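Novice: could you work out the structure for the sequence below:
(chains A, B, C and D, ligands or ions: 6)
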Amino acid sequence: MAQSAAPQPPTGAKIKTLNGAVVRFAGDSGDGMQITGSQFTSTSALLGNDLTTFPDFPAEIRAPAGTLYGVSAFQINFSSDAVFTPGDAPDVLVAMNPAGLKTNLSHLKTGGLLIVNADAFSKANLKKASYDENPLEDDSLNAYHLLSVDIGKQTQAAVKETGLTSKEAGRCKNFWTLGLMYWIYSRPREATIKWLEAKFAKRPDIVKANILALNAGHAYGETIEFSHERYEVPSAKHSPGTYRNISGNQAIAWGFLAAAELSGTEIVLGSYPITPASDVLHELAKYKHHGITTMQAEDEIAAVCTAIGASYAGKIGLTTTSGPGLALKTEGIGLAVCTELPLVVLDVQRAGPSTGLPTKTEQSDLLQAMYGRNGESPLPVIAAYSPGDCFHSAIEAVRIATKYMTPVILLTDGYLGNGAEPWRIPDVDYLPKIEVKKHTDPEGFHPWLRDEETLARVWPIPGTPGTTHRIGGLEKDYNSGNISYDAANHQRMSDVRAAKVAGIAKDIPAQSLELGKENGMLLVLGWGSTFGAIREAVSRCRERGLDVAHAQLKYINPFPENLQSLLAGFDRVLVPEMNMGQLVKVLRSQFMMPIESYAKIEGQPFKIAELETRIRGLMES
Amino acid sequence: MAQSAAPQPPTGAKIKTLNGAVVRFAGDSGDGMQITGSQFTSTSALLGNDLTTFPDFPAEIRAPAGTLYGVSAFQINFSSDAVFTPGDAPDVLVAMNPAGLKTNLSHLKTGGLLIVNADAFSKANLKKASYDENPLEDDSLNAYHLLSVDIGKQTQAAVKETGLTSKEAGRCKNFWTLGLMYWIYSRPREATIKWLEAKFAKRPDIVKANILALNAGHAYGETIEFSHERYEVPSAKHSPGTYRNISGNQAIAWGFLAAAELSGTEIVLGSYPITPASDVLHELAKYKHHGITTMQAEDEIAAVCTAIGASYAGKIGLTTTSGPGLALKTEGIGLAVCTELPLVVLDVQRAGPSTGLPTKTEQSDLLQAMYGRNGESPLPVIAAYSPGDCFHSAIEAVRIATKYMTPVILLTDGYLGNGAEPWRIPDVDYLPKIEVKKHTDPEGFHPWLRDEETLARVWPIPGTPGTTHRIGGLEKDYNSGNISYDAANHQRMSDVRAAKVAGIAKDIPAQSLELGKENGMLLVLGWGSTFGAIREAVSRCRERGLDVAHAQLKYINPFPENLQSLLAGFDRVLVPEMNMGQLVKVLRSQFMMPIESYAKIEGQPFKIAELETRIRGLMES
Amino acid sequence: MSKLISADKLTRADFTSDQEVRWCPGCGDYAILATVQRLMPEFGVLPHQMVWVSGIGCSSRFPYYMDTYGFHTIHGRAPAFATGIKIANPHLAVWMVTGDGDGLSIGGNHLMHFLRRNPNVNALLFNNEIYGLTKGQYSPTSEVGKVTKSTPLGSPDHPLQPVPFALGAGAGFVARTVATEAKHQMMVLRRANEHKGATLTEIFQNCNVFNDGAFDKFTARDVKADRQLLLEHGQPMLFGKDRTQGLVFDIKSFALSIVKVGENGVTEDDILVHDEHNLNLAHLLARMQYPAYPVALGVIYSEERPTYDDVLTEQGATAVKKFGRGSLKELLHSGDTWTV
Amino acid sequence: MSKLISADKLTRADFTSDQEVRWCPGCGDYAILATVQRLMPEFGVLPHQMVWVSGIGCSSRFPYYMDTYGFHTIHGRAPAFATGIKIANPHLAVWMVTGDGDGLSIGGNHLMHFLRRNPNVNALLFNNEIYGLTKGQYSPTSEVGKVTKSTPLGSPDHPLQPVPFALGAGAGFVARTVATEAKHQMMVLRRANEHKGATLTEIFQNCNVFNDGAFDKFTARDVKADRQLLLEHGQPMLFGKDRTQGLVFDIKSFALSIVKVGENGVTEDDILVHDEHNLNLAHLLARMQYPAYPVALGVIYSEERPTYDDVLTEQGATAVKKFGRGSLKELLHSGDTWTV
Ligand SMILES: Cc1ncc(C[n+]2csc(CCOP(=O)(O)OP(=O)(O)O)c2C)c(N)n1
Ligand SMILES: Cc1ncc(C[n+]2csc(CCOP(=O)(O)OP(=O)(O)O)c2C)c(N)n1
Ligand code: SF4
Ligand code: SF4
Ligand SMILES: [Mg+2]
Ligand SMILES: [Mg+2]
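Specialist: Ligands and ions are numbered 1, 2, ... in the order given. Below you'll find the predicted structure:
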């Protein structure tokens, strides 16, 4: 079969070269849109495009077919330039059913290409999508370039020879669609064919059918009178290296595996499933041969306590969760602060409050991470800003936790966790080792001996002769580690715990600018997953000649040492956040500067355009 | 017996009139110091003194006799002037054993009267208290006026006639001591005698023995050549009214009972024991005939969830805890924020982090109260500042919770909870009623209908016909209350939740000054239990002519509307807190003013003198 | 919104909310919902006098679909909310829905204390031996070695059996049924409704997306007669297509064993009779697992004892009787006071 | 700090830390501490290879007094910490101490999952039927109607019985002893130590300050012979001063009953023999309460099954065998990549 899919020389339509394009696939949960999207992604990546993707799942596991809330979508922005977001408005929208059209049409660019699966526009489906009229039959889609195809029928015809049941045959329609999209964007089919062959190795009939569908979709582009243009998006000028696609959740999981290897210390993950963090647990559970033990605990409290127990026993304790789970872990994290044990807590943030919008993204756990513990419990907080950065942030979190003997909270969010981008695979040999010091010297030993520079206490490991000791959540004497109710000692211990965390500022990179130069009119300061949208918006504004710079904050507690002076160099500082202004609160309280907030809390990432509008509004007014 | 204790005309020593005095009783946990202290307190209160007390328990339940950590102390400051703290340094220290002396001597004023129970200064006891030498026999106590009495022997002799065993007889020595103290401060014995008669009604021999001891101690003052002076502390100029002694924990419990009566709505308390909050549960559990149901839940999570369940069912849900318990309740509180149910959460703060110093006081849960929840979960936070204010704060918390359909966090602390002061009993008829609106109208009903002014949602109660509805922690539609994943709706709901809480600012008193006038050099701004110490320190500084004012913040979220302008009127603002500067963080982030922090974290309340020194240091430098 | 109806004219529609049901097509939860909605009118409780409480999970969406009062709370804590509602207003009929993850993993402690406290609340545990809502991790009831997303090498934990757990916790009423057996389920829920005190009903529910067919081995139409023991109080414990197999107690092995009536001289009289008030028997029945035994369905144990809400109500009433209705004024002036 | 000693020369002193013991004079915890410190040298485990883990409560101060590694954690969570320690380093001997509040109230869920998971950790539950550290509130094991600070009108909850609870949770080893019975306690703890897997030992411990004499009715010297059943595997279950009372199973009432050897033709052969591997028997023994029955002490149930730590270790080893020791470089380059 494979040879029939060899790239054919383009025939009819002229091919126009584009810098990039944004494509969105939308359909029923059962329509396979996530697979279609990721195949398009892989192929584009292999072609050398830069890209970013955004899967947009329904909240329900498997909603009844055809419902509005059962729509599953996948957006990809691919380009020969660098891209930083999945794109605001797609150039092409594929809608596999009326519900997919209804919920996604507003995203599509005016004049954009709209491909619909006409077969699915039955009375029943229209009703489920709350359409009174069939939009394919009235004027409501006039603003778009509509390509209405009976994809279902086309697919059935194409795969007929395989003898699959018509239900099974119907399931191939996403590959038909993919074939058409490959034709439009001049992408080769081999990678997808290989993938199909591997994935369904045990069902050759399914492999064959899907390939037939893929080819038929492709051929459809060739044969119909397709009045729309055909495109080509050349490779991006990537720095040389080997690349792969990676999502934030996967990258962070791999970062932890890297940290285990780089530190020579095994990781024990205690976790409890919660959207959108569960995939980190799933990913890590696959790699027991990489020096990791994973445990699905009975709840978040047990998860963090298991991890802390492991830290006490000399491993790197790790726990992964999302907002409501972090709320449950706070008492345990407080114990790790008080006993000064290394622990990494990953919070893949989702929209709150309470259960909130579990499948939507938000950055609203920052204050909880900073302050959500009883008593004075300072700890480092860092936030990853891109899938690639997730990998390095995981390593960094482990480095800080073990070097400073402290729990570290690492923040990402659902958008970052699920979104993917091409990533240049780092050279493992050049990743810095993490030096983990375990205390074995019985001489003058007590468990609260501190390193003079880092203020970290020693890490004596059970099993070591000569360093037996007891620790716990009660205050302890600075000089002996024994329980102490002494007033001055409590002040001293509180001070040293604070100083230890504050001192990490000396051990992290100075805050740099992503775009622009120091001292200017406006700095747009972001943190976390807003990186791409802010960068792109600032870049566009700068192209218009506006004096605006961009910095993305990764270290939130402590802030980089130069942050205050950096901010002071700008007339104004604007902080866009997917919350009600949490970083702004922290910045203001620390620097007492009138930092401005652009807070948006819609469960959705910022669009480049809305940021651009806000920046221009600020600067041009 | 009673007549023999009738106040006798002072005989020998001259009586000097004092404005006030500070007395501290210290001894072994088994020595009955808390009883001695509270008897001295009651008698002084009945004499019309103003007073404040501070019990200082050991962390252990019942430490082995004679140990340093088993010392139990009780301090009382009584005066004919208004007093606001238990006093910095006692004028008299009673030490019933070497450990009591060792741990408390540093408190005593130089030149102060030191009464010791010489019998207890045995080799064994001296060793347990880590004394190499007997301090009664060397020069180490020269700086004090030492009165060394063989209290044990004196007591045995006094009670011999009752035929009690010598162990039982020995237990009377605290009443002997009390008798002596009554003599020194010219206090009558009747109240204590009455108390003994009631308390030990079933053991007349014990009553008799203790009265004998009391009288003997008193007689000792008369008879020995007591070179120290004898004093009188006249009544304070209290405003007319009926007074009682009350501790913060008791006052807050009674405030909740008052709120139930004033609102005509029963209270359901779900609680889990934790020091120092347990006494509120204990107190409320006594009053089932006051419209309260109390439940000891299996943990703090169940406690808060039970309370929220009760709120959903139309009662006032209440939960009481301390820091580590609050950490566990945060997820539940987030649900109350999201479902907009009335709930009061009392946090009697203690020293952290983690288990910390459970019996010591601190104000370090403020940031946890403000921000310790996942997602954007704004809620009102108020802090009581004195035992009397605890009563009114409890009522206020219920008022806000029910009027605004919101959880409210009410903060006190261990010092406030355990400390007591005389309190003018309010006239119940003049306490403002709490109007609780329950929604019963099926017309156009949905559960997120809001009051236009308060923005509170309606409170429809299960059992009401026509208003069945479902609520939960998922985001809901502004207009129907149904689950909604809509982006703009999430913004709108987040905004309205924030606006509702912010709007409470219009419904609370403007911030007033406790001392001083608006626009000045320095404002000392406190919150919570630091009230007394700050007031006294500012008052002393003002007596020295310093231009310093005092305000005590009770409403922390939202702040009173005039707070910013009030602060702006001063050149400098100093915020003393028993933490690392938490209120300062909140103030700075809101007002971006360079507010100064005086943070002390020693598990101990501020001393007046240290505040005075700091204020003078600031102003005189 | 519920209409104003009288208790004797209730229909299924009166308990059906206007919310679209959002479970996966084919999910076992639908069957339970239908059964419950059909059953409720029987109880003569008006929809507005009923509250359905749940935690988080697919199963916990249940309250949204009932046109009663409902509270979809947080993960694992439904028993605490239900208790709070019941003690705040004992007149309400309170029902609770939980899942094997919600009720036994994160919420195991609350469920345990709920059962021993015994508030008059009916809890339904939808056991699908999987985490549905979070897309397929193993649950405390999953079998050893289960391969799921979080356990690609197989789950390492010994599973928890809900009914033995509940009995160990001191439950006063425990029953078991199957989602798709409407009649049996109705019988069991009727019994739960009649029982005064906390009840726990385990319902085997198929998650066709993440754990399809988990219970087929003893619920499939063709095998169920031989692999299920349908308990009836006072009746001999017989099962099998022709009801010729029965349970006896073998003192040697100190265990239940299966005999065939008509073979080796065994008659129906030899067969143990179900006594739902016998806790010893309940323990044995509860732990019977296929293939060694048939799976026991029906009311496994019931024992009436004072309910938590009744005791609290009574304590309040006794206090009022003893001290009179509390007066704030008196309280404030009680004990030592002085007047200036 | 522990000295460097060899396993066969260990003494009680090697397990005694320099910390002053801070329980109330007369507290039952002292007796347990002394017994444990005397017993530990027997096991041949060096102090530095041992970790004592606890939650919060009077009982949970225990680790401070052992000169081993120790972790005094937070309230109720000790089983999770202990599991974390054990899976991080299976070579350590891990012991856990909890109280009836710590382990059964706030921590009931962790204890339950700990028991079913079965890590090779020995848990001791000091049951004093009260909250000691917080000064005397009732606990889940307190009797109905108990008057305490938090229940001035008597506690409303049906008490939880720790051993039935543990059996219901699927525990593999459950035993019971008395704080002041050093010899019996040692026997039981020896057995716990030998058992591979999670063990739970309930120790009746008197809190002389807040619940004095709670167990006197069956532990007092003069009555204990008649009111305790000392279990021995394979031995007939006889008790009483002259060991003439014994247990039989009465099929009619489907319950254990007490008979007198020598009366009504009863001989020792009629008496049930303890079989600690029989879960059915264990359930019955566990629930025997005075005065209806004697209180069963000793090893009530034991069953070896794979431990949680072993299974995890094995999974790791299998994965390494299957895929080779993971290499980060290979991982990063696995799947679809492309080179520019
Ligand atoms: C505090 C918290 N932790 C985790 C989750 C994620 N979560 C939601 S439901 C669920 C498990 C559901 O399993 P089960 O109770 O068996 O219900 P089912 O979906 O199978 O009906 C989990 C882990 C959550 N919502 N909240
Ligand atoms: C989160 C939290 N909640 C409550 C407490 C208070 N607390 C400490 S110990 C304890 C109960 C102790 O009872 P138990 O476990 O029976 O131990 P005992 O003191 O009787 O040995 C409680 C409620 C706490 N320390 N932490
Ligand atoms: S995931 Fe399973 S349990 Fe959840 S709705 Fe779907 S089929 Fe039902
Ligand atoms: S309170 Fe009770 S349990 Fe705690 S140390 Fe004292 S006697 Fe022991
Ligand atoms: Mg489930
Ligand atoms: Mg206890």
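Novice: element containing whichever residue of the stretch 1-150 of chain C sits closest to chain B, please.
Specialist: Relative to chain B, the nearest point of the stretch 1-150 of chain C is C:Gly84 (2.4 Å; Cβ to the nearest Cβ). (Each C-beta comes from the backbone N, C-alpha and C, glycine too.) Following DSSP states H and E, one finds C:Gly84 within helix C:78-88.
Novice: re earlier: pLDDT at the residue of the stretch 1-150 of chain C closest to chain B, what is it?
Specialist: pLDDT recorded at C:Gly84 is 98.
Novice: just give the nearest non-adjacent residue to it, would you?
Specialist: B:Gly309 (2.4 Å; Cβ to Cβ, 6 or more residues apart in numbering or on different chains).
Novice: ok, now A:Gly248?
Specialist: Per Cβ to Cβ, 6+ apart, closest to A:Gly248 is A:Leu416, 4.0 Å.
Novice: is that neighbour in contact with A:Gly388, as I believe?
Specialist: No - counting by Cβ atoms under 8 Å, A:Leu416 sits too far from A:Gly388 to count as a contact (10.7 Å).
Novice: so the strand or helix carrying A:Phe25, near chain B or not?
Specialist: Element membership for A:Phe25 (DSSP H and E) is strand A:20-28. No - Strand A:20-28 lies out of reach of chain B by Cβ under 8 Å from any Cβ of the partner chain, never closer than 15.1 Å.
Novice: give me the next element, helix or strand, following that strand.
Specialist: helix A:33-46.
Novice: packing partners of the helix or strand just after that next one?
Specialist: Downstream of helix A:33-46, the first helix or strand assigned by DSSP H and E is strand A:50-56. The criterion is 3 or more Cβ pairs under 8 Å, 6 or more residues apart in numbering or on different chains; DSSP states H and E, and the helices and strands that strand A:50-56 contacts are helix A:33-46, strand A:71-79, helix A:414-418, strand A:420-424.
Novice: and the first one, does that touch chain D?
Specialist: Yes - if you take Cβ under 8 Å from any Cβ as the test, helix A:33-46 does meet chain D, through A:42, A:45-46.
Novice: who wins for neighbours among the residues you listed?
Specialist: Among the residues of helix A:33-46 next to chain D, the one with the most neighbours (other Cβ atoms under 10 Å in any protein chain shown) is A:Ala45, at 25 neighbours.
Novice: isn't it up against A:Thr53?
Specialist: No - with contact defined as Cβ under 8 Å, A:Ala45 does not reach A:Thr53; the gap is 9.7 Å.
Novice: thinking again about what came up before, residues in contact with the residue nearest to A:Gly248?
Specialist: A:248, A:348, A:361, A:384-387, A:390, A:528-529 (Cβ atoms under 8 Å, 6 or more residues apart in numbering or on different chains).
Novice: over to A:Pro432?
Specialist: A:Leu262.
Novice: next: A:Ala277.
Specialist: Per Cβ under 8 Å, 6+ apart, neighbours of A:Ala277: A:249, A:271, A:320-322, A:325, A:346-348, A:417.
Novice: recalculate using a threshold of 7 Å.
Specialist: By Cβ atoms under 7 Å, 6 or more residues apart in numbering or on different chains, A:Ala277 lies in contact with A:320-322, A:346, A:348.
Novice: what segments of the stretch 251-400 of chain A are helices?
Specialist: Taking DSSP state H, counting those that start in this stretch, the helices of the stretch 251-400 of chain A run over residues A:278-285, A:300-312, A:323-339, A:366-371, A:387-404.
Novice: do chain C as well
Specialist: All helices of chain C, identified by DSSP state H, fall at C:29-39, C:78-88, C:100-101, C:108-117, C:162-168, C:182-194, C:216-219, C:224-227, C:279-286, C:308-323, C:328-332.
Novice: CA-only coordinates of the second one, as CSV, when you get a sec.
Specialist: What follows is the C-alpha trace of helix C:78-88 in CSV, where atoms were taken according to Å, rounded to 0.1, in the frame of the first residue of the first chain:
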residue,chain,number,x,y,z
ALA,C,78,-20.3,14.2,50.2
PRO,C,79,-21.0,12.3,53.4
ALA,C,80,-20.0,15.3,55.5
PHE,C,81,-22.2,17.6,53.4
ALA,C,82,-25.1,15.1,53.7
THR,C,83,-24.7,14.9,57.4
GLY,C,84,-24.6,18.7,57.7
ILE,C,85,-27.8,19.0,55.7
LYS,C,86,-29.5,16.2,57.7
ILE,C,87,-28.6,17.6,61.1
ALA,C,88,-29.6,21.1,60.0
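Novice: give me the distance between it and the centre of its chain.
Specialist: Mean C-alpha position of helix C:78-88 versus that of the full chain (Cα atoms, centre = their mean, to the nearest Å) differs by 16 Å.
Novice: which parts of it are buried?
Specialist: Along helix C:78-88, these residues count as buried under the neighbour rule (16 or more other Cβ atoms under 10 Å in any protein chain shown): C:78-88.
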